[in-house]
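*Asks:* Any chance you can model this:
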Amino acid sequence: MKIKVDVITLHAVQNYGSVLQALATQKLLERHGCEVRIINYIRENVKYENLLETRSNGNFLKKIILYPNIKRWKKVFEGFCNEYLNLTEKSYTTDQEFEEYPLEADIFCTGSDQVWNSKWNLGIILPLYLSFVPADRFKFALAASFGQEKLSQEEIEATQKYIDEYNFISVREKSGKKIIEEQYKYSHAEHVIDPTLTLTGDEWRAFANNKKETKNYILIYNLNRSKEFDDYARKLSKKTGLKLVRLCNRYDQFYRPGKSIIIPEIIDFIKLIDNAKYVLTDSFHATAFSMNMNTEPICIYPNEFGGRIESFLQLTNSMQRHVKDYQDFDVVNRKVDFEYVNKIMNSERKKVDDFITNVIVSYKQTR
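*Replies:* I've put the predicted structure just below:
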């Protein structure tokens, strides 16, 4: 009989990397013979019926601008999750709703992405620490992220008891391992790669039905608006002779540099990265997918939460792909050694597989 694993993560957001990491987590655990359900946790302020108010802050003009975006987001992101994720039939938001969660799984898992980033999540969300699961049930965290270098003492105290209840913890960044071991005093945390990287580039290519064909364009995927970023993109295009293609997650980004591809389907996110000559980005997942599909990333750290990109570039010995300032155009000459990257990725995939195997073996020993 298959082991049942229920996973809580950040899948119900309008972000390409978030939905793809949820799918990768599901596929990874299924590969280990588990029956997987993704708990359909939806934060109150990202529910589609609330998004207009959340994003506009009540501004009427912003509501008009945002409305078509929200309709498209719902089709693309919610449509993908409903099609590809094994979601629980019921959705959950509040602590009170989680009190009624059916504890039918053998193992409960906090998934990846910035699940433990209280700044990103606008506060501490206790269900993401499996607060609704009794202490004597088997729990583990898979590539969880704090997105920060250090937590406040108040946050540690508020979440300590839940961290202590985990049987195994793995985190996505070195800084997360340090937080778990030094601030929480948890005995040991594994540092593992993001779930999207546990699938090879060829596996993602097959999923997207794409045959890699490198084309002469720079793909822009910019999550944090910046005039300096846009100016850099224009100059980079001029210096390389490559056209700009911008993956936009809003209709009102059409005026920014490059040919706009507005809120494409999730599978097209994979194809656009796979076929680009370079990917100019401030996104962790765009960086991860670029490396995994052997497309050269050009990385500009965001003002916040840039450590996760840096941690990944360090892991792949590719720090040369970081643009330190907006005058750095030599980055195109600082090539990635993809043979080395692929070797590292294979080694890191084995670490994740070993981690999951240890979780399952340990669970079986407790039965």
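*Asks:* mind listing what's buried in stretch 16-24?
*Replies:* Along stretch 16-24, these residues count as buried under the neighbour rule (16 or more other C-beta atoms under 10 Å): 16-24. C-beta: built from backbone N, CA, C; applies to glycine.
*Asks:* average pLDDT across stretch 199-213?
*Replies:* Averaging the model's pLDDT scores along stretch 199-213 yields 95.
*Asks:* One more: stretch 30-39?
*Replies:* Averaging pLDDT along stretch 30-39 yields 97.
*Asks:* Please compute how far that stretch lies from its chain's middle.
*Replies:* On the basis of C-alpha atoms, centre = their mean, to the nearest Å, stretch 30-39 is displaced by 18 Å from the centre of the chain it belongs to.
*Asks:* Using CSV, write out every CA atom in it.
*Replies:* Coordinates of the C-alpha atoms in stretch 30-39 are reproduced here as CSV (Å, rounded to 0.1, in the frame of the first residue of the first chain):
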residue,chain,number,x,y,z
GLU,A,30,5.2,10.1,-6.5
ARG,A,31,8.5,8.9,-7.9
HIS,A,32,9.2,7.6,-4.4
GLY,A,33,6.0,5.6,-4.5
CYS,A,34,3.9,8.0,-2.5
GLU,A,35,0.3,8.9,-3.0
VAL,A,36,0.4,12.7,-2.9
ARG,A,37,-2.2,15.4,-2.2
ILE,A,38,-1.5,19.1,-2.3
ILE,A,39,-3.5,20.8,0.4
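*Asks:* from here on, count from 796
*Replies:* With 796 as the first residue, the last one maps to stretch 825-834.
*Asks:* one step back: which of the buried residues of stretch 811-819 fall in helices?
*Replies:* When DSSP state H is applied, those are split such that 811-819 fall in helices.
*Asks:* Where does pLDDT dip in the chain?
*Replies:* Low-confidence segments of the chain, defined by pLDDT under 70: 1099-1101.
*Asks:* mind redoing it with 80?
*Replies:* 853, 1049, 1098-1103 (pLDDT under 80).
*Asks:* all strands of it, in order?
*Replies:* In chain order, the chain shows strands spanning 798-803, 829-836, 882-887, 902-905, 933-939, 963-966, 985-986, 1012-1016, 1038-1043, 1054-1057, 1073-1076, 1091-1094, with DSSP state E as the criterion.
*Asks:* May I see these arranged in JSON lines, with mean neighbour count and distance to Asp1132 as well?
*Replies:* Supplementary listing: the strands of the chain in JSON lines, determined by neighbours: other C-beta atoms under 10 Å; distance: least, C-beta to C-beta, whole Å:
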{"stretch": "strand 798-803", "mean neighbour count": "22", "distance to Asp1132": "34"}
{"stretch": "strand 829-836", "mean neighbour count": "21", "distance to Asp1132": "35"}
{"stretch": "strand 882-887", "mean neighbour count": "14", "distance to Asp1132": "40"}
{"stretch": "strand 902-905", "mean neighbour count": "25", "distance to Asp1132": "34"}
{"stretch": "strand 933-939", "mean neighbour count": "26", "distance to Asp1132": "24"}
{"stretch": "strand 963-966", "mean neighbour count": "24", "distance to Asp1132": "26"}
{"stretch": "strand 985-986", "mean neighbour count": "19", "distance to Asp1132": "22"}
{"stretch": "strand 1012-1016", "mean neighbour count": "25", "distance to Asp1132": "21"}
{"stretch": "strand 1038-1043", "mean neighbour count": "20", "distance to Asp1132": "26"}
{"stretch": "strand 1054-1057", "mean neighbour count": "15", "distance to Asp1132": "30"}
{"stretch": "strand 1073-1076", "mean neighbour count": "25", "distance to Asp1132": "16"}
{"stretch": "strand 1091-1094", "mean neighbour count": "25", "distance to Asp1132": "11"}
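*Asks:* between those strands, which gets nearest to Asn912?
*Replies:* strand 933-939 (9.5 Å; C-beta to C-beta).
*Asks:* and that closest one with strand 798-803, angle?
*Replies:* 50 degrees (axes from the mean of the first three to the mean of the last three C-alpha atoms, to 10 degrees).
*Asks:* Chain neighbours aside, what residue packs nearest to Lys842?
*Replies:* With C-beta to C-beta, 6 or more residues apart in numbering as the measure, Thr888 is the residue that lies nearest to Lys842, at 7.4 Å, once sequence neighbours are left out.
*Asks:* Check Glu873 too.
*Replies:* Taking C-beta to C-beta, 6+ apart as the measure, Glu873 lies nearest to Tyr843, with 7.0 Å between them; neighbours along the chain are not counted.
*Asks:* since we're on Lys797, how many residues are nearby?
*Replies:* Other residues near Lys797 come to 11 when the count uses other C-beta atoms under 10 Å.
*Asks:* For the residue nearest to it when sequence neighbours are not counted, which residues count as its bridge partners?
*Replies:* Closest residue in space to Lys797, ignoring its immediate chain neighbours: Glu830 at 4.2 Å, by C-beta to C-beta, 6+ apart. Going by DSSP bridges, Glu830 is paired in beta bridges with Lys799.
*Asks:* domain parsing for the protein?
*Replies:* Split into domains by automatic domain parsing, the chain comes to 798-993+1141-1161, 996-1131.
*Asks:* what's the span of the longest one, first residue to last?
*Replies:* End-to-end distance of domain 798-993+1141-1161 (C-alpha to C-alpha, to the nearest Å): 13 Å.
*Asks:* hey, which helix is longest across the protein?
*Replies:* For the chain, the helix reaching the highest residue count under DSSP H is reported as helix 1133-1161.
*Asks:* What angle do strand 829-836 and that one make with each other?
*Replies:* 100 degrees.
*Asks:* what's around Lys822, how many residues?
*Replies:* Residues contacting Lys822 under the criterion other C-beta under 10 Å number 16.
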